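[1] The sequence and its predicted three-dimensional model are supplied below.
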Amino acid sequence: MKTFHCQFCGHPLFFENVQCLQCGSALAFLPDRLNMVAIEEAPDGQEGLWRPRSRGRKASDLRYRLCHNHTTQNACNFAVPAQDPNRLCVSCRLTRVLPDLSVPANPLRWYRLEVAKRRLFYALAKLGLVATNPPEGGADGPIFEFLADLPGQPVMTGHAQGVITLNVAEADDAERVRRREEMHEPYRTLLGHLRHESGHYYWDRLIDEGGRTESFRKVFGDEQQDYQAALQAHYARGGTVPDWQDSFVSEYATAHPWEDWAETWAHYLHMVDLLETAASYNTRLRIPGQDVEVEEVVNPLETGHPDFDSLVEQWVPLTLLVNSLNRSLGQEDAYPFALSPGALDKLRYVHDVISETRSRTPAQGAQPQQDKGKTESPPA
């Protein structure tokens with residue numbers, strides 16, 4: 001994600017900020033404009049409304065309310081257009097079930113989950129896959145349920161019929177690391193979970209309902225094979241598949257074509273998000289000792305329809321830089337993957353599907369979609 005700037009003083013801002021540390025301005029993210037702005041209370045007679053803060057310019061006519069989850073729980077920094085009848089922002093209204101907030105650990109878990117979900121929403125909106133201002137206070141995109149284990153009722157992270165379920169225990173760093181080790185995964189994050197599960201949601205929308213099943217099968221295989229049997233076989237062999245790197249982005253992707261798609265989808269979202277971040281810093285790249293140079297990383301979320309080969313040309317040296325920086329700080333590689341030609345072919349397919357959808361349905365005009373799905377995945 002790109003770095004934002006305070007429109008009042010110019011200080012750099014992060015996506016989660018609620019106040020500018022330089023000028024003290026209150027901040028809000030405006031989903032209908034996909035931008036973080038400094039805000040101030042609207043003039044008398046407009047109680048509860050805010051407007052973008054101006055400096056030496058005509059006062060803005062735009063009016064917003066702060067999301068209900070900000071005013072009551074301090075758990076959101078998105079704003080709601082004044083004419084929108086929904087008390088919740090476009091991201092928070094996608095959450096159908098919250099964890100029990102009377103449990104001491106759950107408010108922080110919920111906050112972390114919503115932060116990750118807002119980052120997912122931003123990327124999907126930039127790609128034209130969700131509406132940023134759906135009509136009549138509606139919602140667009142997958143529905144979320146954040147649940148906790150109960151005695152004898154463990155919660156499985158997964159997707160089914162348009163609903164993404166996430167176990168709130170994943171918001172605890174220690175528990176997530178334990179599960180990562182147990183599942184033999186090199187990468188496991190809250191945002192990664194949400195990106196993966198959104199892949200299942202968009203398989204239904206873009207592949208099944210989009211009439212692309214035949215082209216999908218040519219790249220990923222036949223998804224009609226028994227899903228539960230495939231998962232059982234995957235775990236029975238301990239997830240070990242010889243030479244899986246030749247064709248897959250992860251070992252879990254070998255379990256079933258649906259999981260292959262979801263893992264590849266998540267990987268593509270990793271790619272465009274990191275490239276946008278690098279572009280916001282005007283990053284130039286050169287691999288030491290090699291004749292590989294990127295004059296400037298291009299933001300794939302603001303360049304219309306970027307060429308996939310160009311993205312990969314920038315991606316490879318960028319991930320080398322990120323890993324080198326991490327190792328300098330005594331951390332493990334932030335990007336523990338190596339993409340083979342087979343995996344890149346699948347990423348190209350995801351890129352092409354999104355580009356086709358993006359060209360037909362820009363983010364501002366996307367319409368709410370009906371829930372339809374059939375998959376439910378284990379933690380991935």
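    Yes, it's here.

[2] where are the low-confidence patches of the stretch 1-150 of the chain?
    Across the stretch 1-150 of the chain, nothing is flagged by pLDDT under 70.

[3] Kindly recompute the last result at 90.
    43-47, 54-59, 135-137, 149-150 (pLDDT under 90).

[4] same thing with the stretch 201-350 of the chain?
    For the stretch 201-350 of the chain (pLDDT under 90), the answer is 234-242, 285-295, 302-306, 336-338.

[5] CA atoms only: put stretch 293-305 into CSV for me.
    The C-alpha coordinates for stretch 293-305 follow below in CSV (Å, rounded to 0.1, in the frame of the first residue of the first chain):
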residue,chain,number,x,y,z
GLU,A,293,18.0,-2.4,-13.3
VAL,A,294,14.6,-1.0,-12.7
GLU,A,295,14.6,2.8,-13.2
GLU,A,296,11.5,3.3,-11.1
VAL,A,297,8.9,0.9,-9.7
VAL,A,298,5.5,1.6,-11.3
ASN,A,299,2.4,1.5,-9.2
PRO,A,300,0.3,-1.3,-10.7
LEU,A,301,-2.9,-0.1,-8.9
GLU,A,302,-2.8,3.3,-10.6
THR,A,303,-1.5,2.6,-14.1
GLY,A,304,-4.6,1.2,-15.7
HIS,A,305,-3.7,-2.2,-17.1
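
[6] which residues sit against that stretch?
    2, 123, 126-127, 271-272, 275-276, 278-280, 282-287, 306, 310-311, 313-314, 317-318, 355, 358-359 (C-beta atoms under 8 Å, 6 or more residues apart in numbering). Placement of C-beta: from N, CA and C, glycine included.

[7] tell me the contacts of Val80?
    Residues near Val80 by C-beta under 8 Å, 6+ apart: 64-67, 86-90.

[8] before we move on, what SS does it have?
    Under the three-state scheme (DSSP: H, G, I helix; E, B strand; the rest coil), Val80 adopts strand.

[9] Show me the domain layout of this protein.
    Following the assignment in automatic domain parsing, the chain carries domains at 1-88, 90-365.

[10] can you give me the strands for the stretch 251-380 of the chain?
    Listed in chain order, the strands of the stretch 251-380 of the chain (DSSP state E, counting those that start in this stretch) span 285-286, 293-294.

[11] And for the stretch 51-200 of the chain?
    Counting by DSSP E, counting those that start in this stretch, the strands of the stretch 51-200 of the chain are 64-66, 79-81, 95-97, 143-147, 158-160, 163-167.

[12] Adjacent strands (with direction) for the top strand by length along the chain?
    Longest strand of the chain, by residue count under DSSP state E: strand 35-41. Paired neighbours of strand 35-41 in the sheet (DSSP bridges): strand 26-30 (antiparallel), strand 50-52 (antiparallel).

[13] can you give me how far the first one is from the chain middle?
    Its chain's average C-alpha position is 19 Å from that of strand 26-30, according to C-alpha atoms, centre = their mean, to the nearest Å.

[14] which residues are in contact with that strand?
    Here strand 26-30 has contacts from 6, 13, 15, 17-20, 35-40, 50, 52, 64, 66, 77-79, 118, using C-beta under 8 Å, 6+ apart.

[15] can you pull out the helices in the chain?
    68-73, 106-126, 173-182, 190-202, 213-220, 227-236, 257-280, 308-328, 341-360 (DSSP state H).

[16] need these in TSV with distance to Ala160, can you?
    Listed next are the helices of the chain as TSV, based on distance: least, C-beta to C-beta, whole Å:
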stretch	distance to Ala160
helix 68-73	25
helix 106-126	18
helix 173-182	20
helix 190-202	8
helix 213-220	19
helix 227-236	11
helix 257-280	12
helix 308-328	31
helix 341-360	21
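
[17] now those as CSV including mean neighbour count?
    Formatted as CSV, those follow (neighbours: other C-beta atoms under 10 Å):
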stretch, mean neighbour count
helix 68-73, 17
helix 106-126, 21
helix 173-182, 12
helix 190-202, 24
helix 213-220, 16
helix 227-236, 13
helix 257-280, 23
helix 308-328, 16
helix 341-360, 17
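
[18] which one of those lies closest to Ser25?
    Comparing the helices of the chain against Ser25 with C-beta to C-beta, the closest turns out to be helix 68-73 (15.4 Å).

[19] Show me the beta-bridge partners of Ala28.
    Val37.

[20] Next, find the distance separating it from Leu301.
    Noted for Ala28: a distance of 21 Å to Leu301, by C-beta to C-beta, to the nearest Å.

[21] Mind checking which of the two has more residues around it?
    Ala28 (25 against 22; other C-beta atoms under 10 Å).

[22] which other residues reach stretch 221-229?
    Outside stretch 221-229, the residues touching it (C-beta under 8 Å, 6+ apart) are 213, 216-217, 256-258, 260-261, 375.

[23] distance between the ends of it?
    End-to-end distance for stretch 221-229: 16 Å, by C-alpha to C-alpha, to the nearest Å.
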